[in-house]
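*Asks:* Build me a model:
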Amino acid sequence: MRSKKYIISLLIISIIFSVLFLNSALAEEDTSHIKDIAEKSLKFRETAGYGVPEHPQAVVISIIDIVLGLLGLGFLVLIIISGIQWMTSGGNEEKIDKARKNIINATIGLGIILAAWVISNFIFENIQKAAEDPYFWL
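*Replies:* Numbering: from 1, shown residues only. The predicted structure follows:
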């Protein structure tokens, strides 16, 4: 009895596998529609007011700014949580020291975040200037 269930489940799994994967693996792919999709996408972006996609460097800068902004938001949350812990400590020195250490660590983290932002902006601005003017460093 158990072997029949095993054979039936194996048969069902093999049918599902063949339907899902073998048909697409054996088929030739028609890629002529990809160019049409790209043109329609660009036309839609222009109609929606987004314009032409940005240079990859600008995309990387945007991603870095977003990540660093989220880290700054995390700093704000840590400061608020630590402040609440300090206020609700009820005079317990151990809880006050823990909250104070959290605030100090969050402030150090904010300094690291700001330093990372300054360094990344400096690097990308100089890369941009060097790309525009080959004699930038001379």
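
*Asks:* and for stretch 93-112, what are the contacting residues?
*Replies:* Contacts to stretch 93-112, defined as CB atoms under 8 Å, 6 or more residues apart in numbering, come from residues 71-72, 75, 78-79, 81-83, 85-86, 88-89. Quick note: C-beta positions are derived from backbone N, CA and C, even for glycine.

*Asks:* can you do 6 Å?
*Replies:* Stretch 93-112 has contacts (CB atoms under 6 Å, 6 or more residues apart in numbering) with 75, 78-79, 82, 85-86, 89.

*Asks:* and Ile113, what is it in contact with?
*Replies:* 68, 71-72.

*Asks:* Please repeat the previous calculation with a cut-off of 10 Å.
*Replies:* Residues near Ile113 by CB atoms under 10 Å, 6 or more residues apart in numbering: 67-72, 74-75.

*Asks:* Secondary structure element holding the residue nearest to it when sequence neighbours are not counted?
*Replies:* What sits nearest to Ile113 in space, not counting adjacent residues and going by CB to CB, 6 or more residues apart in numbering, is Leu71, at 4.9 Å. Assigned by DSSP states H and E, Leu71 belongs to helix 56-87.

*Asks:* and that helix, what does it pack onto?
*Replies:* helix 93-132 (3 or more CB pairs under 10 Å, 6 or more residues apart in numbering; DSSP states H and E).

*Asks:* does the residue nearest to Ile113 really touch Ala115, like I thought?
*Replies:* No: contact criterion CB atoms under 10 Å: Leu71 and Ala115 do not qualify, at 11.8 Å.

*Asks:* Same drill for these two, tell me which one is more crowded.
*Replies:* Leu71 (16 against 10; other CB atoms under 10 Å).

*Asks:* how far away is the more buried one from Ile15?
*Replies:* 49 Å (CB to CB, to the nearest Å).

*Asks:* what residues are up against the residue nearest to Ile113?
*Replies:* Residues in contact with Leu71 (CB under 10 Å, 6+ apart) are 109-110, 112-114, 116-117.
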